[in-house]
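Asker: starting from these lines, generate the structure:
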Amino acid sequence: MRKPPGLFRRIGSALILVWMLGFLWFAWFLPQRAPDGTATDGIVVLTGGGGRIPRALAMLDAGKARTLLVSGVDRQVRPAEFAAEYKVDPARLNCCITLGFDSVDTRSNAREAAQWIAQHKIRSVRLVTTDWHMRRATFDLWVVAPKGLVIVRDAVPSRPSLKILFLEYNKLLARIVAWLLGW
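Answerer: Numbering: from 1, shown residues only. Modelled structure (predicted):
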């Protein structure tokens, strides 16, 4: 007669099943673009993926926000180089665009954005990043942003590999667990 599986085996199997179902949801239902008509006080775009900065600039040019933070700009990039690369009028850069040089990863992007949001008294922000990165970026911003901030997710569509989805899903889970544990 065969012995029924132990409690730990059942719990382990249930956790694996929950992880697998969560991964399927994460991969199949990537965040989408926000409607172009949605207006916010500011825009935060995270560098690192194609199409992010052009999308944020297009929304700024369309009048969907009054100011823009480009978070995670390489320290060697000069404002004039940024303006030339993205065809931004220098006057527009001076009045309405902040280049953030203090972040190197998603968590520091969120801290840099939260400081900028508080400094500019922003109550609603359009967050622009790649679709596969949006959930973790939103979570990290939510953790450190001023309470009551409305975050409009504006995901740039991509074609992520299974490897990217796998890594990003596990980074998101690890980040949530770390937050729950107070790390």
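
Asker: dump stretch 8-21 to CSV, restricted to CA.
Answerer: What follows is stretch 8-21, C-alpha atoms only, in CSV (Å, rounded to 0.1, in the frame of the first residue of the first chain):
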residue,chain,number,x,y,z
PHE,A,8,5.4,19.4,2.7
ARG,A,9,5.1,17.7,-0.7
ARG,A,10,1.5,19.0,-1.0
ILE,A,11,2.5,22.5,-0.1
GLY,A,12,5.5,22.4,-2.5
SER,A,13,3.3,21.2,-5.3
ALA,A,14,0.7,23.9,-4.6
LEU,A,15,3.4,26.6,-4.6
ILE,A,16,4.8,25.3,-7.9
LEU,A,17,1.3,25.3,-9.4
VAL,A,18,0.6,28.9,-8.2
TRP,A,19,4.0,30.0,-9.5
MET,A,20,3.2,28.4,-12.9
LEU,A,21,-0.3,29.9,-13.2
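
Asker: output the below-cut-off pLDDT ranges for this protein.
Answerer: By pLDDT under 70, the weakly predicted segments of the chain are 1-5.

Asker: for it, which segments count as helices?
Answerer: Taking DSSP state H, the helices of the chain run over residues 7-28, 52-61, 79-86, 90-96, 106-119, 134-144, 162-180.

Asker: ok and the second one relative to helix 79-86, angle-wise?
Answerer: Just to be clear, that refers to helix 52-61. Comparing the axes of helix 52-61 and helix 79-86 via axes from the mean of the first three to the mean of the last three CA atoms, to 10 degrees yields an angle of 90 degrees.

Asker: centre of the chain to helix 52-61, how far?
Answerer: Helix 52-61 sits 15 Å away from the centroid of its parent chain (CA atoms, centre = their mean, to the nearest Å).

Asker: contacts for that helix next, please.
Answerer: Helix 52-61 is contacted from outside by 33, 36, 43, 45-47, 65, 67-68, 70, 86, 88, 96-97, 126, 128-130, 154, 156, using CB atoms under 8 Å, 6 or more residues apart in numbering. For every residue, glycine as well, the C-beta is placed using N, CA and C.

Asker: in ChimeraX, select just the buried ones from the residues you listed.
Answerer: Selection of buried members from the contacts of helix 52-61 for ChimeraX, criterion 16 or more other CB atoms under 10 Å:
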select :43,45,46,47,65,67,68,70,88,96,97,126,128,129,130,154,156
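
Asker: returning to that earlier point: dump the helices of the chain to TSV, plus distance to residue 150.
Answerer: Compiled in TSV, these are given as follows (distance: least, CB to CB, whole Å):
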stretch	distance to residue 150
helix 7-28	23
helix 52-61	15
helix 79-86	26
helix 90-96	20
helix 106-119	11
helix 134-144	11
helix 162-180	20
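
Asker: what about residue 183, neighbour count?
Answerer: Look at residue 183: counted by other CB atoms under 10 Å, it has 8 neighbours.
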